[in-house]
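Participant: Requesting a structural model of the entry that follows:
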Amino acid sequence: GSPFPTLITSDIANTGSFAWLIPANTPPTTQGRIRVREHDFVAPAGVSSANFSIGSGNTAPTFTPAAAISRQRGSAAGAPVTVGTVTDGQTAAGSLTVTQIAGGTSTGVTATSIVNTGGTISAAIAASCTANAGTLRFQVSDSSLQGTGDLQVNLNPNTNPTLTYAASSVGLGSGRTINPATGPSDNGSITSIQLLPQGGYGGTISINSTTGVITLSNATPVGSHTISVRATDNCGAFTDSSFQLTVTAQNVFANGFE
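Facilitator: Just a heads-up that it's a prediction; the model follows:
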């Protein structure tokens, strides 16, 4: 079962050293024992032995992080970005496996959709509403050895939702729909849109909790009313938007005269 020949050779020159070419089919990390016999054709031969081992020659791959990236708390991961590059002395860079592992200093920051394209590593980076800036640790493996690298992730605060309305009017007893002038939008997501107390407006009013579209019917009384709406995002931040709704008196015609 040993991969080594029974007899290596004899060192006729008696230099005290010998170079041995290891057979190509020798398994990595093979261990064995070498036996050395020395004699001068006169004195009795001396015999000694020693252990030896042959390493595989494999070296660990390396992960070099990209420059620091910035993310906003509460935002979705978005499109993948370059997080680093990998190299290895024995394995093609594009064949190395990269994962995110524990050990970085950031909290609430995650990497998903990790892809190795010819040694360039990309990932989608997301930050929770309570995330803290720091490093993300990545591990690269050649299936035998591993290397790690830390990517710096900086964080910007979550921002409040955007939602506004322009002033509007409706006839007494009538109805209409009112679309937002801007929004609703957010760096993360809108979780709710709701009407706040409407003061003196006495007609029927409802709002679409996703689009922010307001529906009015049976508008009353005549006059100017403040309509207020609150949009809340996935981090609990909210924006209150108010606009003036004017209920106008309807003209009454009889026989073509006002």
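
Participant: what sits against A166?
Facilitator: 181, 243 (CB atoms under 8 Å, 6 or more residues apart in numbering). Quick note: C-beta positions are derived from backbone N, CA and C, even for glycine.

Participant: rerun at 10 Å
Facilitator: 178-182, 243-244 (CB atoms under 10 Å, 6 or more residues apart in numbering).

Participant: same deal with D240?
Facilitator: 160, 163, 196, 228-231.

Participant: so of those, which ones are in strands?
Facilitator: Using DSSP state E, 163, 228-231 are the members of these that sit in strands.

Participant: G94: what secondary structure?
Facilitator: Recorded secondary structure, G94: helix (DSSP: H, G, I helix; E, B strand; the rest coil).

Participant: That one - nearest residue in space that isn't next to it in sequence?
Facilitator: G118 (4.5 Å; CB to CB, 6 or more residues apart in numbering).

Participant: Same question for P197.
Facilitator: Closest residue to P197 apart from its sequence neighbours, by CB to CB, 6+ apart: S228 at 7.3 Å.

Participant: Dig out what that neighbour forms beta bridges with.
Facilitator: S242 (DSSP bridges).

Participant: quick one: the strands in the stretch 101-250 of the chain?
Facilitator: 107-117, 120-132, 134-141, 146-156, 162-164, 168-171, 176-178, 182-185, 190-195, 204-207, 214-217, 223-233, 238-248 (DSSP state E, counting those that start in this stretch).

Participant: Comparing those, which comes out most buried?
Facilitator: When you average the neighbours per residue for each of the strands of the stretch 101-250 of the chain (mean count of other CB atoms under 10 Å), strand 134-141 leads with a mean of 21.

Participant: confidence score at P5?
Facilitator: According to the prediction, P5 has pLDDT 51.

Participant: In contact with S143, which residues?
Facilitator: By CB under 10 Å, 6+ apart, S143 lies in contact with 58, 61, 91, 95-97.

Participant: If any of those residues are buried, put those into a PyMOL selection.
Facilitator: A single PyMOL command selects the buried members of the contacts of S143 (16 or more other CB atoms under 10 Å):
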select buried, resi 58+61+91+96
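
Participant: returning to that earlier point: tell me which of the contacts of D240 is nearest to I190?
Facilitator: Using CB to CB, A231 is the member of the contacts of D240 that lies nearest I190, at 5.7 Å.

Participant: pretty sure that closest one contacts T211?
Facilitator: No. Using CB atoms under 10 Å as the test, A231 is too far from T211 to be in contact (11.0 Å).

Participant: what touches both of these two?
Facilitator: 180, 183-184, 190, 193.

Participant: quick one: terminal-to-terminal distance for stretch 62-81?
Facilitator: 19 Å (CA to CA, to the nearest Å).

Participant: buried sites along it?
Facilitator: Under the neighbour-count criterion of 16+ other CB under 10 Å, stretch 62-81 has 62-63, 65-66, 69, 71-75, 77, 80 buried.

Participant: Give the full set of residues in contact with the residue nearest to the spatial centre of the chain.
Facilitator: Nearest to the mean C-alpha position of the chain, counting by CA atoms, centre = their mean, stands I125 at 2.1 Å. Contact analysis of I125 by CB under 10 Å, 6+ apart lists 69-71, 75, 77-78, 80-81, 83, 100, 106, 109-113, 136, 151, 153.
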